[in-house]
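> Need the 3D shape of this:
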Amino acid sequence: MKAEKFLTALLLATGTAVYATFTDGGDGAVTPIELSGFAAGLLKAALAVGLFWAFDRYVLDEIDTVAELKAGNVAYALALLALAVLLAATVATAQPAVALPTATETDGEAACRCVCSCTPPAGGRAERGPSEVVRARPAHLDTALAYLGTVERGRNNRGPRVERFLGSVGLGPGNPWCAAYVSYVLDVAGVRAPLDGRRRVIRSGLAARFITARSIRASEALRGTKKVPSGAVVVWRKGNGPYGHAGFAVTWDGASGETVEGNTSSGQAGSQRDGDGVWRRERRITPGSYFRIVSFTPVDPAYWR
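Reported below is the predicted structural model:
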């Protein structure tokens, strides 16, 4: 009878954890969020115990398992070891619940369903960061992220989408396309920014063209005197020459952040400014490097009024 009570309690605890994971806590509606690590670990433990109980009850029905455990130190030790493994699996996988994407992404627009009770600002998507602070994600960033996984086809700097990016700034196949990707995304999203010194919208295949007098210098971001907004154009420079690299800041805090870039590699291996696709990357400001981030140019049209 004690085994039945224990199993019932374990299954109830598992059901509660899983229910809490799949419920937003507001109106009780089930939301499409990922099973938390703790709930997953608890579910594994409950299933393992349930299977053992069923095996003991219906297969080993002629053996008094409890008596055997009490009588033999080896069996008792093995039972404790099995329990420790189950608990270790539960604790080791205990991670916070992670929200799955719920927005339908299109070229420049995103439909939003917040995981909180807030109303998302117009023109952006509500997003939860590590600090659980809800903030607006610019619509053009949703467009940029919609092209994740785009890769070159055929020869270097070629492919249907790559050539579409290049064509938006008047360049042909074979040219570097990181800045063309930035320009194309801004055009598709209908963003009339950033602006140059003559108040003209910047669209270029050259990354350095996105550096303006109103850009945030990397040193300012590094010192924390200016905050880099989500969606800003990140510009790298190669030495002191005109060539470099460009992408978008997804999130940025001080010396480092997450970006989405075209014409880069998916990891540290391979060229960072002449890679094969559109990838999310973790980047840092390294002032003494030959190839380094030099500025961040905000894209919010309100910044340029």
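
> I figured R284 was touching T259, is that so?
No. Using CB atoms under 8 Å, R284 makes no contact with T259, being 10.6 Å away. In short, each C-beta sits where N, CA and C put it, glycine included.

> ok, these two, which is more surrounded?
Neighbours per residue (other CB atoms under 10 Å) separate R284 from T259, with T259 holding more: 21 against 12.

> before we move on, which element is that one in?
For T259, the host element (DSSP states H and E) is strand 256-264.

> Quick check: S295 vs R209, distance?
Using CB to CB, to the nearest Å, we find S295 at a distance of 12 Å from R209.

> Just the CA atoms of the strand holding T259, as CSV, please.
Coordinates of each C-alpha in strand 256-264 appear next as CSV, following Å, rounded to 0.1, in the frame of the first residue of the first chain:
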residue,chain,number,x,y,z
SER,A,256,29.2,42.1,-26.1
GLY,A,257,25.9,41.0,-27.6
GLU,A,258,24.1,38.9,-30.2
THR,A,259,23.9,39.8,-33.8
VAL,A,260,22.4,38.6,-37.1
GLU,A,261,24.6,39.0,-40.1
GLY,A,262,24.8,38.1,-43.7
ASN,A,263,27.9,36.9,-45.6
THR,A,264,29.4,35.5,-42.4
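
> List the residues that contact A179.
V169, S204, G205, L206, A207, R209, F210, A246 (CB atoms under 8 Å, 6 or more residues apart in numbering).

> Now the nearest residue to the fifth one once chain neighbours are set aside, what are its backbone angles?
This points to A207. Once flanking residues are discounted, A207 sits nearest to A246: 3.8 Å by CB to CB, 6 or more residues apart in numbering. Main-chain torsions, A246, degrees, to the nearest 10: phi -150, psi 150.

> and what of L141?
Main-chain torsions, L141, degrees, to the nearest 10: phi -70, psi -30.

> One more: the one 4 residues further on?
For L145, the backbone dihedrals are phi -70, psi -20 (criterion: degrees, to the nearest 10).

> how close does the closest residue in space to it that isn't next to it in sequence sit to G50?
In this structure, L145 finds its nearest non-sequential neighbour in V260, 5.8 Å apart by CB to CB, 6+ apart. Using CB to CB, V260 is found at 44 Å from G50.

> higher neighbour count, these two?
A side-by-side neighbour count of V260 and G50, using other CB under 10 Å, places V260 first with 24 against 14.

> What is the end-to-end distance of stretch 145-152?
For stretch 145-152, the first and last residues are 17 Å from each other (CA to CA, to the nearest Å).
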